[in-house]
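A.B. asks: Sequence plus predicted model, see below.
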Amino acid sequence: MRVKITLAVFALGMLLSAYRMSSEARTDGSSIRGRVYWQNLTGEPPATGLQVQLLKDEEDAVAESRTNNVRKSQALYEAVKKGNIAAVQTLISQGVDVNSKSSQGAFPLYTAALNGNAPIVRLLLSKGADANVGKGDYTPLFGAAQEGYLEIATMLIASGADVNARSDDNGMTPLLMAASNQKNAVGKLLLEKGAAVDSTTTTDAKTPIMMACGFAIRFRHDPRLGMVLEPDFTTDDPSLVQALLAKGADIQARDKANLTPLNHCVSSVMAAKTKALLAKGADVNEKYPNGNTPLFEVFDSALGNIPEPPGFVATLQVLLDAGANVKDRNSKGETALMIIAKSTHSRANEVKTLLKKYGATE
């Protein structure tokens with residue numbers, strides 16, 4: 001009796017498997033073998049040559065349809081990338097899915113947002129594009145935040161974009177992205193719409209205010225090296241830092257390197273941002289793992305960068321006004337005056353005079 005039951009269960013399992021195979025084949029035409037198997041197992045007459053050919057024709061038609069859809073999706077991606085709104089409209093009118101992915105792994109809306117094409121973003125959203133799918137786990141809002149496209153960011157948020165979306169690789173959020181690229185207007189918009197003020201990256205535990213305290217990176221053409229990356233020290237707009245502080249950003253937070261927002265400001269030689277943090281209670285004489293205080297961090301950055309950061313003297317003045325200890329020594333036993341005395345910096349004499357005004361001695 002047990003053997004009969006076992007055989008019955010086995011036979012039922014085989015029938016269900018065969019049904020699933022034939023059902024799949026009936027649905028998408030992907031398996032002639034499944035249909036023939038079902039016929040043989042159930043005792044239906046074997047498929048004739050004509051039936052097999054008809055089934056193959058059906059499979060070929062489905063495969064061709066899939067290929068055409070892929071081509072159309074790629075055509076939509078290319079049209080969006082080139083900013084050809086007429087071609088985008090035509091493809092959509094032909095039934096191309098606005099939420100189809102290109103061979104590069106990007107959705108049309110992400111590409112339009114990253115490229116700053118507001119009319120195409122508006123068109124795609126009006127046709128049902130999903131505001132929360134982009135490229136990998138980077139949504140279109142990341143693209144708008146990275147490049148500082150305020151109008152596009154506004155449209156995406158109004159269409160349901162998640163202001164607190166996070167990337168899997170480093171925990172970035174749109175606010176962290178905007179802050180790290182010094183895109184203050186988009187950063188402030190994200191804060192107004194509920195972005196988490198103290199979200200942190202998973203790789204180095206940096207917060208938005210740490211990112212906002214830094215400088216942007218720009219491309220420059222070098223005659224010998226070609227395109228090179230260099231810091232842009234002209235991004236000393238404190239508006240996003242102030243907005244973050246107004247929302248309660250933690251000025252005592254430490255990243256994985258044990259550095260504070262103030263350290264990020266002074267090492268980036270940002271006078272206005274430094275002043276904003278000090279006004280909210282940041283410690284002008286706090287110590288860092290290398291033994292430096294903010295005063296020495298300014299010197300390290302200002303004297304170690306070419307071109308010279310334009311905010312060197314202004315940042316130094318802000319620190320001195322806030323009570324920076326000019327008699328303190330770094331880990332090498334040097335005072336600020338000793339460091340500048342051996343420097344060839346273009347404003348070395350001016351800095352010496354300023355330090356002595358605040359009590360530094362030879």
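C.D. replies: Nice, thanks for sending it over. All figures in this text were calculated on a predicted structure; none of them were measured in a lab.

A.B. asks: Now the host helix or strand of Leu141: buried residues?
C.D. replies: Under the criterion of DSSP states H and E, Leu141 resides in helix 140-147. For helix 140-147, a neighbour-count test (16 or more other C-beta atoms under 10 Å) marks 140-147 as buried. Heads up, the C-betas are built off the backbone N, CA and C, glycines and all.

A.B. asks: Could you list the low-confidence segments of the stretch 1-150 of the chain?
C.D. replies: 1-69 (pLDDT under 70).

A.B. asks: same thing but 50
C.D. replies: Flagging of the stretch 1-150 of the chain using pLDDT under 50 yields the residue ranges 1-30, 38, 57, 60-66.

A.B. asks: Show me the helices in it, by range?
C.D. replies: 2-28, 32-42, 49-82, 85-93, 108-114, 118-126, 140-147, 150-158 (DSSP state H, counting those that start in this stretch).

A.B. asks: Downstream of the last one, the next helix or strand is which one?
C.D. replies: With elements assigned by DSSP H and E, the helix or strand that comes after helix 150-158 is helix 174-180.

A.B. asks: if we look at that next one, which residues are touching it?
C.D. replies: With contact meaning C-beta atoms under 8 Å, 6 or more residues apart in numbering, helix 174-180 is reached by 139, 141-142, 144-146, 148, 153, 163-165, 183-184, 186-187, 190-191, 195-197, 199, 201, 206-209, 211-212, 214, 240, 244.

A.B. asks: Other residues contacting whichever helix or strand comes after it?
C.D. replies: Downstream of helix 174-180, the first helix or strand assigned by DSSP H and E is helix 184-192. Residues from elsewhere that reach helix 184-192 (C-beta under 8 Å, 6+ apart): 144-145, 148-150, 153-154, 157, 163, 174-175, 178-179, 197, 208, 212, 237, 239-240, 243-244, 247.

A.B. asks: My guess is Gln94 contacts Lys72. True?
C.D. replies: Yes - the criterion here is C-beta atoms under 8 Å, and Gln94 meets it with Lys72 at 7.1 Å.

A.B. asks: Chain neighbours aside, what residue packs nearest to Thr274?
C.D. replies: Cys265 (4.4 Å; C-beta to C-beta, 6 or more residues apart in numbering).

A.B. asks: so where does that neighbour fall, helix or strand?
C.D. replies: Counting by DSSP H and E, the element that carries Cys265 is helix 261-267.

A.B. asks: residues near Ala205, how many?
C.D. replies: Using other C-beta atoms under 10 Å, Ala205 has 16 other residues around it.

A.B. asks: again, but for Leu354
C.D. replies: Per other C-beta under 10 Å, the neighbour tally for Leu354 reads 18.

A.B. asks: Need the per-residue pLDDT for it.
C.D. replies: Looking at Leu354, its pLDDT is 95.

A.B. asks: Assign it to helix, strand or coil.
C.D. replies: Under DSSP: H, G, I helix; E, B strand; the rest coil, Leu354 falls in the helix class.

A.B. asks: is it true that it touches Leu320?
C.D. replies: Yes - contact criterion C-beta under 8 Å: Leu354 and Leu320 qualify, at 7.0 Å.

A.B. asks: residues touching the closest residue in space to Ala112 that isn't next to it in sequence, list them.
C.D. replies: Spatially, and ignoring its direct neighbours in sequence, Ala112 is nearest to Ile120 (4.2 Å; C-beta to C-beta, 6+ apart). Going by C-beta under 8 Å, 6+ apart, Ile120 touches 80, 83, 85, 88, 108, 112.

A.B. asks: Distance to Lys342 and neighbour count for those residues - can I get that in TSV?
C.D. replies: Listed next are the contacts of Ile120 as TSV, based on distance: C-beta to C-beta, whole Å; neighbours: other C-beta atoms under 10 Å:
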residue	distance to Lys342	neighbour count
Val80	56	30
Gly83	54	15
Ile85	60	16
Val88	61	27
Pro108	58	33
Ala112	54	30
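
A.B. asks: okay, the residues you listed in JSON lines with distance to Ala336 next?
C.D. replies: Compiled in JSON lines, the contacts of Ile120 are given as follows (distance: C-beta to C-beta, whole Å):
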{"residue": "Val80", "distance to Ala336": "54"}
{"residue": "Gly83", "distance to Ala336": "52"}
{"residue": "Ile85", "distance to Ala336": "57"}
{"residue": "Val88", "distance to Ala336": "58"}
{"residue": "Pro108", "distance to Ala336": "55"}
{"residue": "Ala112", "distance to Ala336": "50"}
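
A.B. asks: Nearest to Val228 among those?
C.D. replies: Distance to Val228 across the contacts of Ile120 (C-beta to C-beta) is lowest for Gly83, with 27.9 Å.

A.B. asks: For that closest one, give me its contacts.
C.D. replies: So Gly83 contacts 115, 117, 120 (C-beta under 8 Å, 6+ apart).
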